[in-house]
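In: Any chance you can model this:
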Amino acid sequence: MYFYNMDSISSTHPAEGMVNNLISSAAGTAGLNQGFKLAGDTTPSPGDLVAVSVREVNPVYPGLELEDGTEIVLKKGNLLIGVLGSRRALHGFSGHVPKSLETGQPLHLLNKGGVIGECTAFNRSLEWPTSLEYLGTVTRSGRTLNLGQFAQPFYEGALSEVPMVMILGTCMNSGKTTVARQIIDMFTSRGFRINAGKVAGVACRRDLLAMQESGASKVMSFHDFGVPSSSDMESLLPVARSLHHELSEDKPDFIVMEMGDGILGGYQVSTLFEDPEYISRAVCTVICANDLMGAWGALQWLEPAGISSDGYPILVSGPVTDSGEGVDYIEEHLKVAAANALDSKGKLCEFINEAVKKC
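Out: Presented below is the predicted three-dimensional model:
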């Protein structure tokens, strides 16, 4: 067990004496500037903070997002603090929290935000993620530090009537954050006050910072509730309801809620549709899809939840609308609106405005 202070490290431990010590954004809520100790050979849990050293850097995916949101390129030998969690990404890495931990054990960096675990699969375009060596679990006063100790409490009451614009995707990288940014930018520039949240995914501040930069007054995500990855949860409803409550507190004109990842997949987005009250707060839904089959499949899946083109405002966006051919097909054959977030801002703005006015 060794004492660490991230501002000045000295002594004879191999990880000490290094100047370049990094606190990931996933671990940034824990106040590590107060100092801490490391304990090895522990039974790990999702959300535990761990110290690791970088063994080999993946040259295709070498970045780490720091607690202030900036991104740096990792180097072999860097010492960093991350958070144990899972990831199940079609276009990234997959992995889980190990069953046990011993000093010197190999681990992997599963995302840029600093979520760490044992890699079990990877997209062929990325190959194996950056490899790490476990140095110890972060403790203070003899207690393992976990994100849950610094988290917002879950809210269990009824939801406010503040309207929500729900942004769904057929998978990751389908344009959800781009749509969210455009909506926020268009409406805040017209004097609306918009709050924004992200319900699912793996802890990283990039998307939240993008929404904040676009003008959102308040931004929050699942990470604020002590969740390093929504794939570690059985249901997203406690997080989703709590997010809506917190983002409604200052009475914004409406909330832009990005659901994260895809409707189907390992991040439990599908569980949101088990709660009629929560879904009823969505005055419209934007579906981001990469192709026509994805758009059609999303519409088919959502219909039993009451989200259908029959009397409910739905718009399809994302890469499928990068061509006018996609827009025309969606509107003619799928019978819902379609608009590209970059090329058809006016159409997107009018769609959202009409939905919010009717609530």
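
In: Hmm, Ile307 is touching Thr285, no?
Out: Yes: counting by CB atoms under 8 Å, Thr285 is a contact partner of Ile307 at 5.5 Å. (Glycine included, C-beta is placed from N, CA and C.)

In: joint contacts of these two?
Out: Shared contacts of Ile307 and Thr285, defined by CB atoms under 8 Å, 6 or more residues apart in numbering, are found at Ile314.

In: Spatially central, which residue of the protein would that be?
Out: Gly201 (3.7 Å; CA atoms, centre = their mean).

In: how far does stretch 65-81 stretch from start to finish?
Out: Taking CA to CA, to the nearest Å as the measure, stretch 65-81 stretches 11 Å from start to finish.

In: Val54 sits in which helix or strand?
Out: Per DSSP states H and E, Val54 falls inside strand 49-56.

In: who does that strand touch, helix- and strand-wise?
Out: Counting contacts by 3 or more CB pairs under 8 Å, 6 or more residues apart in numbering; DSSP states H and E, strand 49-56 is packed against strand 79-84, strand 106-109, strand 131-140.

In: Looking at Ile307 and Thr285, which is more packed in?
Out: Thr285 (25 against 21; other CB atoms under 10 Å).

In: In contact with the more buried one, which residues?
Out: Applying CB under 8 Å, 6+ apart, we find Thr285 in contact with Met166, Ile167, Leu168, Leu302, Ile307, Tyr312, Pro313, Ile314, Leu315.

In: ok so, going back, my read: the residue nearest to the centre of the chain touches Gly265, true?
Out: No: Gly201 is beyond contact range of Gly265, at 10.5 Å (criterion: CB under 8 Å).

In: mind checking which helix or strand Thr103 is in?
Out: Going by DSSP H and E, Thr103 is not in any helix or strand.

In: tally of neighbours for it?
Out: 14.

In: Please name the residues that touch the closest residue to it other than its chain neighbours.
Out: Once flanking residues are discounted, Thr103 sits nearest to Gly40: 3.7 Å by CB to CB, 6 or more residues apart in numbering. Neighbouring residues of Gly40 by CB under 8 Å, 6+ apart: Met1, Leu101, Glu102, Thr103, Tyr134, Leu135, Gly136, Thr137.

In: Buried by neighbour count, from those residues: which ones?
Out: Leu101, Tyr134, Leu135, Gly136, Thr137 (16 or more other CB atoms under 10 Å).

In: Take those and write them to JSON lines, including distance to Asp343 and pLDDT.
Out: Listed next are the buried ones among the contacts of Gly40 as JSON lines, based on distance: CB to CB, whole Å; pLDDT from 0 to 100:
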{"residue": "Leu101", "distance to Asp343": "49", "pLDDT": "95"}
{"residue": "Tyr134", "distance to Asp343": "48", "pLDDT": "97"}
{"residue": "Leu135", "distance to Asp343": "49", "pLDDT": "96"}
{"residue": "Gly136", "distance to Asp343": "51", "pLDDT": "96"}
{"residue": "Thr137", "distance to Asp343": "49", "pLDDT": "96"}
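
In: picking up where we left off before, keep only those of the contacts of Thr285 that are in strands.
Out: Among the contacts of Thr285, DSSP state E puts Met166, Ile167, Leu168, Ile314, Leu315 in strands.

In: Most neighbours among these, please name it.
Out: Counting by other CB under 10 Å, top hit in these: Ile167 with 30 neighbours.

In: ok, that one touching Ala180?
Out: Yes: checked against CB under 8 Å, the pair Ile167 and Ala180 is within contact range at 5.5 Å.

In: My guess is Ala337 contacts Leu315. True?
Out: Yes: look at Ala337 against Leu315 with CB under 8 Å: they come within range, at 4.3 Å.

In: shared neighbours of the two, anything?
Out: In contact with both Ala337 and Leu315: Phe351, using CB under 8 Å, 6+ apart.
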